[in-house]
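Peer 1: got a structure for you, letters missing:
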């Protein structure tokens, strides 16, 4: 208990200097145009994603589960996401964000549907406070909406770290800001989280998870950013951790060709796996169960700008992920080659086609840990 209290006190002292600095910003210059701005302001957003799935491996269904006996569903249409969101500006500094995914009603909606539900107050560019349910800063994918990523979906490690409370939608509070260190632009995010996922009535225990992300812009011209992530916490009185590093770049090769690259590495305690096992089937130490993964996502974009077709993109993500590399290791390698056609600006319309190819070190019958090849056509509209 004393250790947890000390961590919470340290969190408060960490944000206090920025808070004090944010309370005394330079007086903003207000123009006549700005003085006529009326609040609240509302912005509605939406996303629709539908897919056709075709499993190509005998005995493996469209969800990637292998079946030793019986018929297998190997082709299906699916509504992946039907999101509706509302961003409300209550003042120049205050905003409230709501985002729901109505496609979650197709199965048990408990613990689903509501995604973003938070308020943010911006004192200055150096310091802002967010509270509620949001995606805490802990990697590249936290900063990118799923509708503009360069692949069909987020990585395997993103979802696994989400189950462990570091990524995806979490309930808690966060401070963020940006400044310059010499000539290097720098941004930060420090979060205090329940760590048990979205839409939960309360925390699962008295422990909290503390996540930090630091981003350094090494080159503005080529948009080269270096990100460092670290986190510690307590789950059911057990110490847990997570760490990671990532780099992004965007090179303009010609007037029409651009090439961007994402590389990300993460490692951390897989306490979600540990506490899901029977007591007699696990070791006494949660630290024996650690996950780690890395992925590379190169993407080549060609500006077409012909009638309604805006661009053509080709990408292929390679990911290597192991949910427990110390005990019962079973590495999953995933290849996701994809071709994307963009219609309109900022992916207003998008048609994607490609494959998701999984290879495991050990195939486990009648589970999703089994080699599979999945063909995907995905259509999306966003507003």
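Peer 2: Arrived safely, thanks for sending. Quick caveat, the model's predicted, so the values are computed rather than measured.
Peer 1: how many neighbours does residue 344 have?
Peer 2: 13 (other C-beta atoms under 10 Å). Where C-beta positions appear, they are placed from N, C-alpha and C, glycine not excepted.
Peer 1: tell me the contacts of it?
Peer 2: 308, 310 (C-beta atoms under 8 Å, 6 or more residues apart in numbering).
Peer 1: Next SSE downstream of the longest strand anywhere in the chain?
Peer 2: Among the segments of the chain that qualify as a strand by DSSP state E, the longest is strand 290-306. Next in sequence after strand 290-306, counting helices and strands by DSSP states H and E, comes strand 309-322.
Peer 1: Which strands or helices does that following strand pack on?
Peer 2: helix 156-163, strand 290-306, strand 332-343 (3 or more C-beta pairs under 8 Å, 6 or more residues apart in numbering; DSSP states H and E).
Peer 1: for the longest strand of the chain, packing partners?
Peer 2: helix 156-163, strand 257-269, strand 309-322.
Peer 1: Any stretches of the chain with poor pLDDT?
Peer 2: 1-35 (pLDDT under 70).
Peer 1: ok so, going back, export the helices and strands packed on strand 290-306 as CSV, with columns for distance to residue 58.
Peer 2: Listed next are those as CSV, based on distance: least, C-beta to C-beta, whole Å:
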stretch, distance to residue 58
helix 156-163, 23
strand 257-269, 33
strand 309-322, 24
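Peer 1: any idea which of these is most buried?
Peer 2: Each of those was scored by mean neighbour count; the highest is helix 156-163, a mean of 22, by mean count of other C-beta atoms under 10 Å.
Peer 1: Can you give the distance from that one to the centre of its chain?
Peer 2: Here helix 156-163 is found 8 Å from its chain centre; the criterion is C-alpha atoms, centre = their mean, to the nearest Å.
Peer 1: Go through the following helix or strand past that helix and flag the buried ones.
Peer 2: Using DSSP H and E, the helix or strand that follows helix 156-163 in sequence is strand 170-181. By 16 or more other C-beta atoms under 10 Å, the buried positions in strand 170-181 come out as 170-177.
Peer 1: ok, those vs residue 284, which is closest?
Peer 2: Taking C-beta to C-beta as the measure, residue 170 is the one of the buried residues of strand 170-181 closest to residue 284, at 27.8 Å.
Peer 1: coming back round to it: residue 42: which of the helices and strands packed on strand 290-306 is closest?
Peer 2: strand 309-322 (27.5 Å).
Peer 1: So what are the sheet partners of the closest one and their directions?
Peer 2: Applying DSSP bridges, strand 309-322 is found paired with strand 290-306 (antiparallel), strand 332-343 (antiparallel).
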